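**Q** here is a sequence with its predicted model. Questions after.
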Amino acid sequence: AKHGSRGYMLYSDLRPSGGPQPSPVLLAHRLSEALERQELFLHYQPKISLQDGQLVGVEALVRWRTREGVNISPAEFIPVAERASIIHPLNDMIFEQAMQQAVQWRAQGWQFPVSVNLSARLIDDAQFLTRLTSRLYELGLPPEALVIELTETALIANPNQAMTVLEAFRSNQLAISVDDFGAGYTSLGYLREMDIAEIKIDQMFVRQLQAGSRDASIVRSVAALGKGFGVHVTAEGVEDPSQWALLRALGCDHGQGYSIARPMPAEAFPQWWRKWQQEHQQQPPFTAS
Ligand code: C2E
Ligand code: MG
Ligand code: MG
Ligand code: MG
């Protein structure tokens, strides 16, 4: 199977040409099989300080390669898992792998936090939080080793409930990051009440970012908001190195995107990090040249 320019295929690409679309039920079935066979795994994408190019964290992103060797996008299978309740074991597997990786990195002297995306379906699952905190304890990981990413859309779907949940996470010293910010409709009134550590600006404002554009105004506003609230603002989807200096000038703290690094297997990480440091030893990476 060939991967398109998006780097992965859609499940619908699997069907024999002219054949019927695979149904969500079939996809859910294949997904739970894949979970049992441990065919799902994590890649990690670095997050960099736009001030000095230092590594400030990594985001864990789940990957599924089918028996046919086809990569299916999480944007496609996470919603299926959510509808089919496979999301509970899937989510447990994701957090377990991410925590074990954090243990390994810490043993090697790397202290950066690992961000993990939490499905909206798990947001009010008190048992998940209990399992998570006891697992952290068993593994000897401090809560700062993890950051929980929740999408703005998930948070705002039921803001009062979300507020209670956020408090539960915070009382366990777990940091919350608001993912895909700007794609949803957070009222500033709610944002004011939410105890969050990071805002990640949705990629749609970053992808084609240019100086003087409306995107730039939005990014600057969100960065100012974050600064006022004392939360870090991360720009996601930074595809072009020429955007680094602009994002920094607009007030963003951190950057993540293909122009820094693509998501990669954990084994590839040390080599990437060495290369990045060598490249940016002489000159800080994000100054306009
Ligand atoms: P997200 O959490 O906002 O993750 C960022 C997505 O943008 C990732 O796509 C990442 O590979 C991609 N990305 C990063 N930099 C660039 C860039 O410069 N250009 C472009 N075009 N894309 C970039 P991915 O891995 O396909 O994941 C898509 C979404 O699926 C995630 O968006 C998240 O909502 C969900 N997802 C991924 N992994 C997990 C997971 O472990 N659990 C849950 N619940 N959701 C996940
Ligand atoms: Mg995310
Ligand atoms: Mg995002
Ligand atoms: Mg997204």
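**A** Thanks, I have the structure now. Ligands and ions are numbered 1, 2, ... in the order given.
**Q** what does the longest helix belonging to the chain contact?
**A** Ranked by residue count under DSSP state H, the longest helix found in the chain is helix 87-107. Around helix 87-107, the neighbours that count as contacts under CB atoms under 8 Å, 6 or more residues apart in numbering are 31-32, 35, 40-42, 44, 60, 62, 78, 81, 112-114, 116-119, 121-122, 125, 128, 131-132, 135-136, 139-141, 145-146, 266. (Glycine included, C-beta is placed from N, CA and C.)
**Q** ok, that helix near ligand 1 or not?
**A** Yes: counting by CB under 6 Å from any ligand atom, ligand 1 has neighbours in helix 87-107: I94.
**Q** in that helix, what's buried?
**A** Neighbour-count burial for helix 87-107 flags 87-88, 90-95, 97-99, 101-102, 105-106 (criterion: 16 or more other CB atoms under 10 Å).
**Q** got it, and stretch 117-136?
**A** In stretch 117-136, counting by 16+ other CB under 10 Å, buried: 117-123, 125, 128-129, 132-133, 136.
**Q** circling back to that earlier point, which one of the buried residues of helix 87-107 sits closest to R170?
**A** Proximity of the buried residues of helix 87-107 to R170 (CB to CB) peaks at F95, which lies at 17.7 Å.
**Q** which SSE is immediately downstream of the longest helix of the chain?
**A** Using DSSP states H and E, the helix or strand that follows helix 87-107 in sequence is strand 114-117.
**Q** note down every partner strand of that following strand and its orientation.
**A** strand 55-65 (parallel), strand 146-151 (parallel) (DSSP bridges).
**Q** so which residue is dead centre in this protein?
**A** E59 (4.8 Å; CA atoms, centre = their mean).
**Q** got the contact list for that one?
**A** 44-45, 47, 114-117, 149, 256, 263 are the contacts of E59 under CB under 8 Å, 6+ apart.
**Q** count of neighbours near R37?
**A** 9 (other CB atoms under 10 Å).
**Q** could I get the pLDDT score of it?
**A** We have a pLDDT of 93 for R37.
**Q** quick check on it: phi, psi?
**A** phi -80, psi 0 (degrees, to the nearest 10).
**Q** and the gap between the closest residue to P241 other than its chain neighbours and F77?
**A** Nearest non-adjacent residue to P241, counting by CB to CB, 6 or more residues apart in numbering: S259, 4.8 Å away. Applying CB to CB, to the nearest Å, one obtains 27 Å for the distance of S259 from F77.
**Q** lowest confidence element among the helices and strands of this structure?
**A** Lowest on mean pLDDT, DSSP states H and E among the helices and strands of the chain sits helix 188-193, with a mean of 85.
**Q** note down every partner strand of the very next helix or strand once past that one and its orientation.
**A** Once helix 188-193 ends, the next helix or strand along the chain (criterion: DSSP H and E) is strand 198-201. If you go by DSSP bridges, strand 198-201 pairs up with strand 175-181 (parallel), strand 232-235 (parallel).
**Q** element containing R274?
**A** Going by DSSP H and E, R274 is part of helix 269-279.
**Q** what sits opposite the residue of the stretch 151-289 of the chain found nearest ligand 2 in the beta ladder?
**A** Closest contact between the stretch 151-289 of the chain and ligand 2, by CB to the ion, is at D179 (4.2 Å). With DSSP bridges applied, D179 shows beta-bridge pairing to T151.
**Q** ok, it touching L118?
**A** No: checked against CB atoms under 8 Å, the pair D179 and L118 is beyond contact range at 9.2 Å.
**Q** which residues do the two both contact?
**A** Common neighbours of D179 and L118 (CB under 8 Å, 6+ apart) are 149-150.
**Q** before we move on, back to that, what residues are bridge-paired with the residue nearest to the centre of the chain?
**A** Going by DSSP bridges, E59 forms beta bridges with Q45, S115.
**Q** so which of the contacts of helix 87-107 are also by ligand 1?
**A** 60, 62, 78, 117, 119.
**Q** so the third one: helix, strand or coil?
**A** Reducing the assignment at I78 to three states with DSSP: H, G, I helix; E, B strand; the rest coil gives helix.
**Q** ok, now which ones touch the spatially closest residue to it that is not a sequence neighbour?
**A** Nearest residue to I78, sequence neighbours excluded (CB to CB, 6+ apart): S119, at 6.5 Å. S119 makes contact with 78, 81-82, 87, 91, 154 under the criterion CB under 8 Å, 6+ apart.
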